[in-house]
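In: Provide a 3D model corresponding to the input given below.
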Amino acid sequence: MDWLYTVSGFLVGLIVGVTGVGGGSLMTPLLVLFFGVSPATAVGTDLLYASITKSLGGWVHSRNGSVDWKIVGLLSLGSLPAALLTIALLKYLALDAKTLKSLVTGVLSIALLLTATALLLKDRIRKIAQREDGTVYELHHRHLPAATIVTGAVVGMLVIISSIGAGVLGTVALLFLYPRLSAVRVVGTDIAHAVPLTAVAGMGHLALGTVDLVLLGSLLLGSLPGIYIGSHLSAKVPEKILRPILATMLLIIGTRLVLS
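Out: Numbering: from 1, shown residues only. I've put the predicted structure just below:
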(Lines give C-alpha, C1' and ligand atoms only; values in the text may rest on other atoms or scores of the structure.)
Protein backbone atom coordinates (compact mmCIF):
# COMPACT_ATOMS: atom_id res chain seq x y z
CA MET A 1 0.00 0.00 0.00
CA ASP A 2 1.45 3.33 -1.07
CA TRP A 3 1.37 5.78 1.86
CA LEU A 4 0.63 8.66 -0.54
CA TYR A 5 -2.68 7.00 -1.46
CA THR A 6 -3.51 6.77 2.24
CA VAL A 7 -2.62 10.43 2.84
CA SER A 8 -4.77 11.43 -0.16
CA GLY A 9 -7.64 9.32 1.17
CA PHE A 10 -7.33 11.06 4.54
CA LEU A 11 -7.36 14.57 3.02
CA VAL A 12 -10.34 13.85 0.75
CA GLY A 13 -12.14 12.13 3.65
CA LEU A 14 -11.50 15.21 5.79
CA ILE A 15 -13.02 17.49 3.12
CA VAL A 16 -16.04 15.20 2.68
CA GLY A 17 -16.55 15.07 6.45
CA VAL A 18 -16.48 18.86 6.75
CA THR A 19 -18.46 19.84 3.63
CA GLY A 20 -20.50 16.73 2.82
CA VAL A 21 -19.30 16.81 -0.82
CA GLY A 22 -16.13 16.34 -2.82
CA GLY A 23 -15.57 12.57 -2.68
CA GLY A 24 -15.80 11.56 -6.33
CA SER A 25 -15.17 15.05 -7.68
CA LEU A 26 -11.82 15.21 -5.88
CA MET A 27 -10.66 11.60 -5.60
CA THR A 28 -11.10 10.55 -9.23
CA PRO A 29 -9.25 13.55 -10.77
CA LEU A 30 -6.57 13.22 -8.07
CA LEU A 31 -5.95 9.59 -9.03
CA VAL A 32 -5.88 10.46 -12.75
CA LEU A 33 -3.84 13.67 -12.72
CA PHE A 34 -1.52 13.18 -9.73
CA PHE A 35 -1.02 9.42 -9.52
CA GLY A 36 -1.41 8.58 -13.23
CA VAL A 37 -4.09 5.93 -12.64
CA SER A 38 -6.07 5.14 -15.81
CA PRO A 39 -9.41 7.05 -15.82
CA ALA A 40 -11.54 3.87 -15.98
CA THR A 41 -9.72 2.29 -13.01
CA ALA A 42 -9.88 5.56 -11.08
CA VAL A 43 -13.66 5.74 -11.60
CA GLY A 44 -14.29 2.08 -10.71
CA THR A 45 -12.10 2.16 -7.58
CA ASP A 46 -13.59 5.48 -6.45
CA LEU A 47 -17.13 4.11 -6.76
CA LEU A 48 -16.47 1.19 -4.39
CA TYR A 49 -14.57 3.61 -2.13
CA ALA A 50 -17.61 5.94 -2.08
CA SER A 51 -20.11 3.15 -1.34
CA ILE A 52 -18.16 2.08 1.75
CA THR A 53 -17.47 5.58 3.09
CA LYS A 54 -21.04 6.84 2.46
CA SER A 55 -22.59 3.81 4.16
CA LEU A 56 -21.55 5.27 7.52
CA GLY A 57 -23.07 8.66 6.68
CA GLY A 58 -26.26 7.06 5.41
CA TRP A 59 -26.61 5.02 8.61
CA VAL A 60 -26.21 8.13 10.79
CA HIS A 61 -28.76 10.12 8.78
CA SER A 62 -31.18 7.19 8.87
CA ARG A 63 -30.93 6.96 12.65
CA ASN A 64 -31.50 10.72 12.92
CA GLY A 65 -34.64 10.49 10.78
CA SER A 66 -33.23 12.80 8.10
CA VAL A 67 -33.89 10.49 5.12
CA ASP A 68 -37.01 10.63 2.93
CA TRP A 69 -37.18 6.97 1.90
CA LYS A 70 -39.96 7.59 -0.65
CA ILE A 71 -37.68 9.95 -2.60
CA VAL A 72 -34.77 7.49 -2.23
CA GLY A 73 -36.99 4.79 -3.73
CA LEU A 74 -38.02 6.96 -6.70
CA LEU A 75 -34.44 8.02 -7.41
CA SER A 76 -33.30 4.38 -7.20
CA LEU A 77 -36.03 3.29 -9.66
CA GLY A 78 -34.24 5.43 -12.23
CA SER A 79 -30.60 5.27 -11.17
CA LEU A 80 -30.04 1.57 -10.50
CA PRO A 81 -31.45 0.27 -13.84
CA ALA A 82 -29.66 3.11 -15.67
CA ALA A 83 -26.38 2.20 -13.97
CA LEU A 84 -26.77 -1.49 -14.86
CA LEU A 85 -27.70 -0.68 -18.47
CA THR A 86 -24.70 1.66 -18.82
CA ILE A 87 -22.36 -1.02 -17.45
CA ALA A 88 -23.88 -3.60 -19.82
CA LEU A 89 -23.46 -1.19 -22.74
CA LEU A 90 -19.81 -0.54 -21.87
CA LYS A 91 -19.19 -4.30 -21.62
CA TYR A 92 -20.98 -4.93 -24.95
CA LEU A 93 -19.08 -2.17 -26.77
CA ALA A 94 -15.75 -3.43 -25.35
CA LEU A 95 -14.10 -0.08 -26.02
CA ASP A 96 -10.34 -0.07 -26.42
CA ALA A 97 -8.27 1.62 -23.69
CA LYS A 98 -7.76 4.84 -25.67
CA THR A 99 -11.44 5.32 -26.53
CA LEU A 100 -12.55 4.46 -22.98
CA LYS A 101 -10.03 6.94 -21.58
CA SER A 102 -11.34 9.69 -23.88
CA LEU A 103 -14.96 8.93 -22.92
CA VAL A 104 -14.30 8.91 -19.17
CA THR A 105 -12.07 12.00 -19.27
CA GLY A 106 -14.62 13.96 -21.34
CA VAL A 107 -17.60 13.12 -19.10
CA LEU A 108 -15.47 13.59 -15.96
CA SER A 109 -14.38 17.10 -16.97
CA ILE A 110 -17.97 18.16 -17.77
CA ALA A 111 -19.23 16.66 -14.49
CA LEU A 112 -16.52 18.54 -12.55
CA LEU A 113 -17.46 21.87 -14.13
CA LEU A 114 -21.17 21.23 -13.45
CA THR A 115 -20.37 20.27 -9.85
CA ALA A 116 -18.33 23.44 -9.29
CA THR A 117 -21.14 25.57 -10.73
CA ALA A 118 -23.72 23.79 -8.57
CA LEU A 119 -21.62 24.40 -5.45
CA LEU A 120 -21.32 28.12 -6.19
CA LEU A 121 -25.03 28.54 -6.99
CA LYS A 122 -26.46 26.20 -4.34
CA ASP A 123 -27.90 28.95 -2.11
CA ARG A 124 -29.16 30.98 -5.06
CA ILE A 125 -30.97 27.92 -6.44
CA ARG A 126 -32.83 27.54 -3.15
CA LYS A 127 -33.81 31.24 -3.24
CA ILE A 128 -35.03 31.00 -6.85
CA ALA A 129 -37.60 28.43 -5.74
CA GLN A 130 -39.17 30.90 -3.29
CA ARG A 131 -41.10 34.12 -3.91
CA GLU A 132 -40.70 37.18 -1.68
CA ASP A 133 -44.03 36.42 0.02
CA GLY A 134 -42.74 32.96 0.99
CA THR A 135 -44.67 31.01 -1.68
CA VAL A 136 -42.62 28.14 -3.10
CA TYR A 137 -42.36 27.28 -6.81
CA GLU A 138 -42.60 23.53 -7.28
CA LEU A 139 -43.71 20.89 -9.77
CA HIS A 140 -47.25 19.59 -9.58
CA HIS A 141 -47.42 16.49 -7.37
CA ARG A 142 -48.58 14.43 -10.37
CA HIS A 143 -45.30 15.08 -12.21
CA LEU A 144 -42.91 14.77 -9.26
CA PRO A 145 -42.52 10.94 -9.25
CA ALA A 146 -41.71 10.77 -12.98
CA ALA A 147 -39.32 13.75 -12.74
CA THR A 148 -37.55 12.14 -9.76
CA ILE A 149 -37.14 8.81 -11.59
CA VAL A 150 -35.74 10.57 -14.69
CA THR A 151 -33.35 12.55 -12.48
CA GLY A 152 -32.18 9.30 -10.89
CA ALA A 153 -31.58 7.77 -14.34
CA VAL A 154 -29.42 10.71 -15.43
CA VAL A 155 -27.43 10.58 -12.18
CA GLY A 156 -27.02 6.80 -12.55
CA MET A 157 -25.52 7.07 -16.05
CA LEU A 158 -23.26 9.96 -15.01
CA VAL A 159 -21.97 8.07 -11.96
CA ILE A 160 -21.02 4.98 -13.99
CA ILE A 161 -18.90 6.92 -16.46
CA SER A 162 -17.39 9.61 -14.21
CA SER A 163 -18.05 8.52 -10.55
CA ILE A 164 -19.48 12.05 -10.08
CA GLY A 165 -23.15 12.94 -9.76
CA ALA A 166 -24.44 11.13 -6.68
CA GLY A 167 -23.24 13.94 -4.38
CA VAL A 168 -23.64 17.64 -5.00
CA LEU A 169 -25.40 17.28 -8.39
CA GLY A 170 -27.96 14.99 -6.76
CA THR A 171 -28.38 17.49 -3.94
CA VAL A 172 -29.00 20.38 -6.36
CA ALA A 173 -31.53 18.27 -8.29
CA LEU A 174 -33.41 17.60 -5.03
CA LEU A 175 -33.42 21.34 -4.24
CA PHE A 176 -35.15 21.94 -7.59
CA LEU A 177 -37.64 19.08 -7.25
CA TYR A 178 -38.40 19.35 -3.53
CA PRO A 179 -37.88 22.99 -2.43
CA ARG A 180 -39.90 22.42 0.76
CA LEU A 181 -37.52 19.67 1.92
CA SER A 182 -35.27 20.84 4.78
CA ALA A 183 -31.54 21.11 4.09
CA VAL A 184 -30.66 18.23 6.44
CA ARG A 185 -33.22 15.93 4.77
CA VAL A 186 -31.91 16.88 1.31
CA VAL A 187 -28.39 15.86 2.35
CA GLY A 188 -29.55 12.72 4.19
CA THR A 189 -31.76 11.59 1.29
CA ASP A 190 -29.00 12.18 -1.25
CA ILE A 191 -26.44 10.21 0.79
CA ALA A 192 -28.90 7.33 1.37
CA HIS A 193 -29.53 7.13 -2.39
CA ALA A 194 -25.80 7.30 -3.16
CA VAL A 195 -24.99 4.18 -1.08
CA PRO A 196 -26.79 1.53 -3.24
CA LEU A 197 -26.02 3.44 -6.45
CA THR A 198 -22.26 3.59 -5.88
CA ALA A 199 -22.28 -0.03 -4.64
CA VAL A 200 -24.02 -1.28 -7.82
CA ALA A 201 -21.81 0.93 -10.01
CA GLY A 202 -18.67 -0.19 -8.17
CA MET A 203 -19.57 -3.88 -8.49
CA GLY A 204 -20.28 -3.31 -12.18
CA HIS A 205 -16.81 -1.84 -12.64
CA LEU A 206 -15.38 -4.77 -10.65
CA ALA A 207 -16.98 -7.10 -13.20
CA LEU A 208 -15.42 -5.02 -15.98
CA GLY A 209 -12.02 -5.36 -14.31
CA THR A 210 -11.64 -1.62 -13.70
CA VAL A 211 -11.17 -1.74 -9.91
CA ASP A 212 -7.79 -1.82 -8.13
CA LEU A 213 -8.46 -3.53 -4.78
CA VAL A 214 -5.02 -2.70 -3.34
CA LEU A 215 -5.56 0.96 -4.21
CA LEU A 216 -9.04 0.77 -2.67
CA GLY A 217 -7.62 -0.55 0.62
CA SER A 218 -4.97 2.18 0.73
CA LEU A 219 -7.57 4.92 0.20
CA LEU A 220 -9.94 3.54 2.84
CA LEU A 221 -7.10 3.31 5.36
CA GLY A 222 -6.86 7.10 5.25
CA SER A 223 -10.38 8.19 4.37
CA LEU A 224 -12.31 6.53 7.21
CA PRO A 225 -10.43 8.38 9.99
CA GLY A 226 -10.45 11.50 7.78
CA ILE A 227 -14.25 11.45 7.51
CA TYR A 228 -14.57 10.80 11.25
CA ILE A 229 -12.39 13.80 12.13
CA GLY A 230 -13.97 16.00 9.45
CA SER A 231 -17.47 15.25 10.73
CA HIS A 232 -16.48 16.57 14.13
CA LEU A 233 -14.85 19.67 12.62
CA SER A 234 -17.81 20.49 10.37
CA ALA A 235 -19.58 22.56 13.02
CA LYS A 236 -16.46 24.68 13.60
CA VAL A 237 -15.43 25.42 9.99
CA PRO A 238 -17.74 27.89 8.13
CA GLU A 239 -19.20 26.31 4.97
CA LYS A 240 -19.33 29.78 3.34
CA ILE A 241 -15.52 29.77 3.32
CA LEU A 242 -15.00 26.14 2.31
CA ARG A 243 -17.56 25.93 -0.49
CA PRO A 244 -16.02 28.63 -2.77
CA ILE A 245 -12.53 27.15 -2.21
CA LEU A 246 -13.76 23.66 -3.14
CA ALA A 247 -15.66 24.99 -6.17
CA THR A 248 -12.59 26.89 -7.40
CA MET A 249 -10.47 23.73 -7.07
CA LEU A 250 -13.00 21.75 -9.12
CA LEU A 251 -13.13 24.46 -11.82
CA ILE A 252 -9.33 24.37 -12.14
CA ILE A 253 -9.23 20.54 -12.25
CA GLY A 254 -12.13 20.35 -14.73
CA THR A 255 -10.53 22.95 -17.00
CA ARG A 256 -7.20 21.11 -16.90
CA LEU A 257 -8.92 17.84 -17.87
CA VAL A 258 -10.67 19.58 -20.79
CA LEU A 259 -7.38 20.98 -22.03
CA SER A 260 -5.36 17.78 -21.47
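
In: and Tyr37, which of the three is it?
Out: To be clear, residue 37 is Val; Tyr isn't right here. Look at Val37: counting by DSSP: H, G, I helix; E, B strand; the rest coil, its state is coil.

In: could I get the buried residue list for the strand or helix carrying Val60?
Out: Taking DSSP states H and E as the definition, Val60 sits inside helix 39-63. Within helix 39-63, the residues that count as buried by 16 or more other CB atoms under 10 Å are 39-55, 57-58, 61-62. Glycine gets a C-beta too; all of them are placed from N, C-alpha and C.

In: strands along this protein, start to end?
Out: Secondary structure of the chain, counting by DSSP state E: no strands present.

In: mind giving me the packing neighbours of the helix holding Val60?
Out: Helix 39-63 sits against helix 3-19, helix 23-33, helix 97-128, helix 144-162, helix 183-208, helix 213-233, with contacts defined as 3 or more CB pairs under 8 Å, 6 or more residues apart in numbering; DSSP states H and E.

In: that helix: how far from the chain's middle?
Out: Relative to the chain's own centre, helix 39-63 is displaced by 9 Å; criterion: CA atoms, centre = their mean, to the nearest Å.

In: and the gap between Leu144 and Leu89?
Out: Relative to Leu89, Leu144 is positioned 29 Å away (CB to CB, to the nearest Å).

In: how about Ala116?
Out: 28 Å.

In: quick one, which of those two is more surrounded?
Out: Between Ala116 and Leu89, Ala116 has the larger neighbour count (other CB atoms under 10 Å), namely 23 against 12.

In: the more buried one touches Ala247, doesn't it?
Out: Yes. With contact defined as CB atoms under 8 Å, Ala116 reaches Ala247; the gap is 4.5 Å.

In: who are the neighbours in contact with the closest residue to Ser62 other than its chain neighbours?
Out: Among residues not flanking Ser62 along the chain, Ala192 sits closest, at 6.5 Å (CB to CB, 6 or more residues apart in numbering). Taking CB atoms under 8 Å, 6 or more residues apart in numbering as the criterion, Ala192 is in contact with Gly58, His61, Ser62, Val67, Trp69, Val72.

In: how about 6 Å then?
Out: Taking CB atoms under 6 Å, 6 or more residues apart in numbering, we find Ala192 in contact with Gly58, Val67, Val72.

In: from those residues, which single one is nearest Tyr178?
Out: Val72 (11.9 Å; CB to CB).

In: and that closest one, how many neighbours does it have?
Out: Val72: 25 neighbours (other CB under 10 Å).

In: thinking again about what came up before, for Leu177, find the nearest of the helices and strands packed on helix 39-63.
Out: Here helix 144-162 is closest among the helices and strands packed on helix 39-63 (CB to CB), at 6.0 Å.

In: so, low pLDDT: which residues of the stretch 101-250 of the chain?
Out: Scanning the stretch 101-250 of the chain for pLDDT under 70 picks out 119, 122-141, 165-169, 183, 231-243, 246, 249-250.

In: number of nearby residues for Thr105?
Out: Neighbours of Thr105 (other CB under 10 Å): 18.

In: my bad, Leu90
Out: Leu90: 20 surrounding residues under other CB under 10 Å.

In: look up the closest residue to Trp69, ignoring the ones flanking it.
Out: Per CB to CB, 6+ apart, closest to Trp69 is Ala192, 7.5 Å.

In: good, wrapping up.
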